[in-house]
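J.: Give me a 3D structure for the following:
(one chain, ligands or ions: 1)
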Amino acid sequence: MSSTARAATAASVSPSTSAPAVNRPAGERVFNFSAGPGCMPEEVLRQIQEEVWNCRNSGVGILEHSHRAAVYDRILAEAFEDCREVGSIPRNYHVLFLTGGSTQQNFMVPMNFLPADKSGTADYLNTGYWAARSIEDAHIFGTIHQASSSKDAGYTFIPSAAETKYSAKPAYVHYTSNNTLYGTQFHYTPQPPAGVPLVCDMCSDIFSRPFDVTKYGLVYASAQKNLGPAGATMVIASDELVRRGRTDIAHMLQYRTFADSESRPNTPPVFPIYAMGLMFKWIRKQGGVKHFEKFNAEKAGIVYNVLDSSKFYKGHARADSRSLMNLTFRCPTPKLDDLFCTEAATNGLDCLKGHRATGGMRVSLYNAMPMAGARALAQFMVEFERKNG
Ligand SMILES: Cc1ncc(COP(=O)(O)O)c(C=O)c1O
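T.: Below is the predicted model of the structure:
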């Protein structure tokens, strides 16, 4: 995609992801189906409210704490340990907290792991908008081989392992586990050629289900979907891969800089990292990623059941590739899509407007979305179809 085309896309999708604002009394909240920043659990938000004023009885709020203060030392140490526990991350892997979002990883990955003379090749699985953005940046650093693509089919499905053809000796294989825009998700782990590191953009489904980190060289995710507020990006990477990265690029663009400085080579995003730490504790308290695997499948099932038994709604994704995090569908006309979003918002179901690339609606059911949210939406969908079908 050219930068002009991307700018045009960005301009055309940026105005709003929700229906026109509905004024609500102070204290009243709605079910927030936003694709990100997304909903957060009530108990985490309430703890944050308290600790903005006084964090851990220090008399200083979390927004005001130095990243070198003893309070932050403990917050950071716990965030690392709790993340390791939640993700079953072994000691030969680093947990790193960076900035720049997953979008920055689009260039950090190829910049670090493709040779400086641009003679290398990396393999990419092109399954959606974010995968395509990753490919676009990777081109700057070497040759990119698209091992699979569902672009010609409007990114409606995830190509199977048999449909994926790797190049002879790629520096790494990159894929995006969940396609936030189009609502598709990998339900298997790609297997790169022997010895080739697997890199994954897990931005929109990290910790929504278990994954075996030892199958990966590097995984990254921005915080604002399953891990808290925007502003921090988590990278999990094997020490072996981190050490393999180039040393002739700016220090802040090398993974080892973060690995060797407890992710604070400069002033880090203290608040988002603190909030991520609370999210790891919350995930663990709920029963960990195994709990969320079941919980998220049940939530998505409630909404997919309505879609599957409807002649009114049309889902975007092929059934075998459907995402449990971002569910995409349309009404019979764009006018009805707009009405759906407006009436849903009036009923306390907000931020359902789909991305312009897909149109229609997008329902984001991240970990923090309660079962009641999925049930309320399903009930609304049935009623809306009855009235307008
Ligand atoms: C799968 C995926 N990758 C990358 C990104 C980009 O993340 P950020 O905006 O934090 O750079 C997003 C954002 O929605 C995403 O869903």
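J.: Where does the closest residue to residue 245 other than its chain neighbours sit, in terms of helix or strand?
T.: The shortest distance from residue 245 to any non-neighbouring residue, by CB to CB, 6 or more residues apart in numbering, is to residue 112 (3.7 Å). C-beta: built from backbone N, CA, C; applies to glycine. Using DSSP states H and E, residue 112 maps to helix 101-113.
J.: Can you spell out which helices and strands pack onto that helix?
T.: helix 129-138, strand 198-201, strand 218-222, strand 233-238 (3 or more CB pairs under 8 Å, 6 or more residues apart in numbering; DSSP states H and E).
J.: Nearest to residue 261, out of these?
T.: Residue 261 lies closest to strand 233-238 among the helices and strands packed on helix 101-113, at 13.6 Å (CB to CB).
J.: I'd guessed residue 266 sits against residue 252; true?
T.: Yes: using CB atoms under 8 Å, residue 266 makes contact with residue 252 at a distance of 7.3 Å.
J.: Those two: who's more crowded?
T.: residue 252 (13 against 10; other CB atoms under 10 Å).
J.: residue boundaries of the strands in the chain?
T.: Ranges of strands within the chain are 31-32, 93-98, 121-126, 143-149, 173-176, 178-179, 184-185, 198-201, 218-222, 233-238, 314-315, 326-330, 349-350, 361-364, based on DSSP state E.
J.: among these, which is the most enclosed?
T.: Among these, ranked by average contacts under mean count of other CB atoms under 10 Å, first place goes to strand 178-179 (a mean of 28).
J.: Identify each buried residue in stretch 373-389, please.
T.: Using 16 or more other CB atoms under 10 Å as the test for burial, stretch 373-389 gives 373-374, 376-378, 380-381, 384-385.
J.: same deal with stretch 61-79?
T.: By neighbour count on 16+ other CB under 10 Å, the buried set for stretch 61-79 is 62, 65, 67, 71-72, 75-76, 79.
J.: Show me what the mean pLDDT comes to for it.
T.: If you average the pLDDT over stretch 61-79, you get 97.
J.: What lies in contact with stretch 141-152?
T.: The set of residues external to stretch 141-152 that reach it, using CB atoms under 8 Å, 6 or more residues apart in numbering, is 107, 110-111, 114-115, 118-128, 132, 135, 138, 156-159, 163-167, 170-171, 173, 184.
J.: Please apply the same query to stretch 75-88.
T.: Residues contacting stretch 75-88 (CB under 8 Å, 6+ apart): 56, 89, 95, 97, 207, 210-213, 234, 236, 262-264, 273-274, 276-277, 280-281, 283-284, 288-289.
J.: Which ones among those residues lie within helices?
T.: 273-274, 276-277, 280-281, 283-284, 288-289 (DSSP state H).
J.: which residues touch the residue of the stretch 251-389 of the chain found nearest the ligand?
T.: Residue of the stretch 251-389 of the chain nearest the ligand, by CB to the nearest ligand atom: residue 326 (8.2 Å). Listed by CB under 8 Å, 6+ apart, the contact set of residue 326 reads 35, 178-181, 183, 204, 362-365.
J.: ok, 6 Å please
T.: For residue 326, the contacting residues are 180, 183, 362, 364, by CB atoms under 6 Å, 6 or more residues apart in numbering.
J.: Farthest-apart pair in those, please.
T.: By the measure CB to CB, 183 and 364 form the most distant pair in the contacts of residue 326, at 9.5 Å.
J.: hang on, the earlier thing: tell me the one among the ones in helices among the contacts of stretch 75-88 nearest to residue 304.
T.: For the ones in helices among the contacts of stretch 75-88, the nearest to residue 304 is residue 289 (21.1 Å; CB to CB).
J.: re earlier: from the buried residues of stretch 373-389, which ones fall inside helices?
T.: In helices, defined here by DSSP H, the members of these are 373-374, 376-378, 380-381, 384-385.
J.: Which positions in the stretch 51-200 of the chain make contact with the ligand?
T.: 101-103, 130, 176, 180 (CB under 6 Å from any ligand atom).
J.: Most neighbours among these, please name it.
T.: Ranked by the number of neighbours (other CB under 10 Å), those place residue 176 first, at 28 neighbours.
J.: give the contact list for whatever residue of the chain ends up closest to the ligand.
T.: Using CB to the nearest ligand atom, the closest approach of the chain to the ligand is made by residue 101 at 2.4 Å. Applying CB under 6 Å, 6+ apart to residue 101 gives the contacts 222, 233.
J.: rerun at 8 Å
T.: So residue 101 contacts 222, 230, 233 (CB under 8 Å, 6+ apart).
J.: out of the residues you listed, who's near the ligand?
T.: Okay, of the contacts of residue 101 touching the ligand (CB under 6 Å from any ligand atom), that's residue 222.
J.: tell me the domain ranges of this protein?
T.: For the chain, automatic domain parsing gives the domain ranges 47-286, 287-389.
J.: how far does the last one stretch from start to finish?
T.: Using CA to CA, to the nearest Å, the gap from the first to the last residue of domain 287-389 comes to 40 Å.
J.: let's number from 33 now, not from 1
T.: Got it, first residue is 33 now, which makes that one domain 319-421.
J.: orientation of the helix holding residue 144 relative to strand 125-130 in degrees?
T.: Here helix 133-145 runs at an angle of 120 degrees relative to strand 125-130 (axes from the mean of the first three to the mean of the last three CA atoms, to 10 degrees).
J.: Would you mind getting the angle between helix 133-145 and helix 161-170?
T.: Using the same axes, to 10 degrees: helix 133-145 against helix 161-170 is 40 degrees.
J.: Report the rounded mean pLDDT for helix 133-145.
T.: On average, helix 133-145 scores 98.
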